[in-house]
Structure formats: C-alpha cells, structure tokens
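# The following comprises the amino acid sequence and a computationally predicted model.
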Amino acid sequence: MAYCSTQRKASGARPAGQLFTLALLGLIVLPTVHAETAAPAPQVPQVELDRLKRPEGAPPAKDLFNARSWEPRVREKKAPEVAPPPAPTAPPLPFAYVGRWLERGETIVVLSKAGQTYIVHAGESLDGTYVLETIEDDKLTIRYLPLGIAQVLSFSNGAPTGAPRTPQIGDNRPRPRAPTRDADDEED
C-alpha cells in the first residue's frame with residue numbers, strides 16, 4: 001500500500017477525497033460569484049390600484065372559491081321536450097256490410113266479421129264493443145264503446161251490394177218472375 005500512495009504523490013494525482021472536497025467548494029462558491037456578476041432584476045411596473053376598484057352599481061361577484069363538496073359537479077339534464085300523446089283513436093271497423101232489408105217498417109242490416117254473421121237493427125250491440133247507431137241509404141254509423149267514438153261504414157256507389165231496390169218508372173230491366181207450378185211438381 002505504501003507503494004501505491006507514494007506513486008500517486010510522485011505523479012501529481014490527487015486522492016479521491018480531495019477531489020470531492022474541491023467539487024463541493026465549486027458548487028458553493030460559483031453561484032455566489034455568478035450572482036454578483038448577473039444583470040440586475042427587471043423593474044416591476046407600478047399597479048394603478050384605483051383601477052381595481054369595482055364601479056358603483058355593479059352586481060356583487062359570486063364567491064368563486066366557495067367549495068361545498070369534493071364530489072364532482074353533476075349537471076342537470078333537461079328532459080327532452082315531448083309532444084303530447086296523440087288523441088286515442090278507435091281501431092278500424094272489423095265489420096263488412098253484407099246486405100239489408102225492411103221488416104215491419106224497420107231496416108235490418110246484415111254484417112259479417114271473421115266468418116260470423118250479425119243480423120242487427122239500429123241501437124243493437126255488436127260483440128259488446130260496438131253499437132249500430134244509424135242506418136242510412138249509403139252508410140252505417142257504428143260507435144266504438146270503449147272510447148265513445150263514432151265510425152262510418154260506407155257502401156260503394158251509394159247503394160249497398162244486395163240491397164233491395166225499388167223499381168223506377170221506365171226501368172227496362174227484366175224482373176224476376178214468380179215460380180209457376182207444374183202438374184208434375186205436385187206428384188213428386
């Protein structure tokens with residue numbers, strides 16, 4: 001070991017401890033030397049304090065730093081504007097007009113619905129859901145009872161199919177003839 005230390009001294013090399021000490025001195029001394037040679041700090045402009053005063057009549061400012069909770073602020077969502085629901089309507093009439101006739105001064109109407117036949121006159125109920133209100137030459141008025149809505153069942157061309165037709169003067173159409181009895185019919 002003695003050989004190493006003398007060799008270092010002879011060569012002019014410094015021990016590691018001395019280098020560390022010099023480095024620390026350099027860190028302490030250099031900033032102070034640099035601070036003395038640095039340019040002077042810039043001048044701070046003067047603030048006109050009279051301009052910071054609030055004008056009279058101005059509304060008071062809100063407390064910007066008044067924290068009430070650490071929870072994130074939830075924005076209120078506006079409900080979308082919803083149009084009012086449409087007025088209730090009756091379903092389409094399920095009945096089809098078949099025919100009509102006069103019986104003792106009252107008109108009887110034949111209607112059909114899904115394979116069922118209804119023989120009704122004005123004021124009668126149909127399935128407990130509809131009521132036949134009026135019978136006219138070219139239409140029927142049927143009321144949907146759950147909503148109280150009147151609906152019209154029209155016939156084509158103003159005259160319903162199979163409706164009785166009163167003959168007009170000058171009508172040249174052939175008229176049905178009454179069946180005639182033959183002598184052969186009675187024997188069978």
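Sure thing, it's come through. Residues are numbered from 1 along each chain as shown.
# Run through the helices of the chain in chain order.
Listed in chain order, the helices of the chain (DSSP state H) span 2-11, 16-37, 183-187.
# Just name the shakiest helix or strand of the chain by mean pLDDT.
helix 2-11 (a mean of 49; mean pLDDT, DSSP states H and E).
# avg pLDDT for stretch 118-138?
For stretch 118-138, the per-residue pLDDT values average out at 92.
# Need the contact partners of it.
93, 95, 100, 106-113, 140-146, 150, 154-155, 158-160 (C-beta atoms under 8 Å, 6 or more residues apart in numbering). For every residue, glycine as well, the C-beta is placed using N, CA and C.
# Can you turn the buried part of those residues into a ChimeraX selection?
To isolate the buried ones among the contacts of stretch 118-138 in ChimeraX, judged by 16 or more other C-beta atoms under 10 Å, type:
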select :93,95,100,107,108,109,110,111,140,142,143,144,155,160
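# Walk me through the domains of this protein.
With domains defined by automatic domain parsing, the chain comprises 2-35, 96-158.
# taking the contacts of stretch 118-138 one by one, which sit in strands?
If you go by DSSP state E, the contacts of stretch 118-138 have 100, 106-113, 140-144, 150, 154 in strands.
# Quick check: the farthest pair among these?
Within the ones in strands among the contacts of stretch 118-138, Glu106 and Tyr144 form the most distant pair, 23.7 Å apart (C-beta to C-beta).
# And stretch 133-141, end to end?
Stretch 133-141 has its terminal residues 5 Å apart, counting by C-alpha to C-alpha, to the nearest Å.
# Likewise for stretch 127-141?
Criterion C-alpha to C-alpha; first-to-last residue distance in stretch 127-141 is 16 Å.
# in it, what counts as buried?
Neighbour-count burial for stretch 127-141 [16+ other C-beta under 10 Å]: 130-132, 135, 140.
# if we can go back for a sec, from the ones in strands among the contacts of stretch 118-138, pick the one nearest Lys62.
The closest of those to Lys62 turns out to be Tyr144 (C-beta to C-beta; 59.8 Å).
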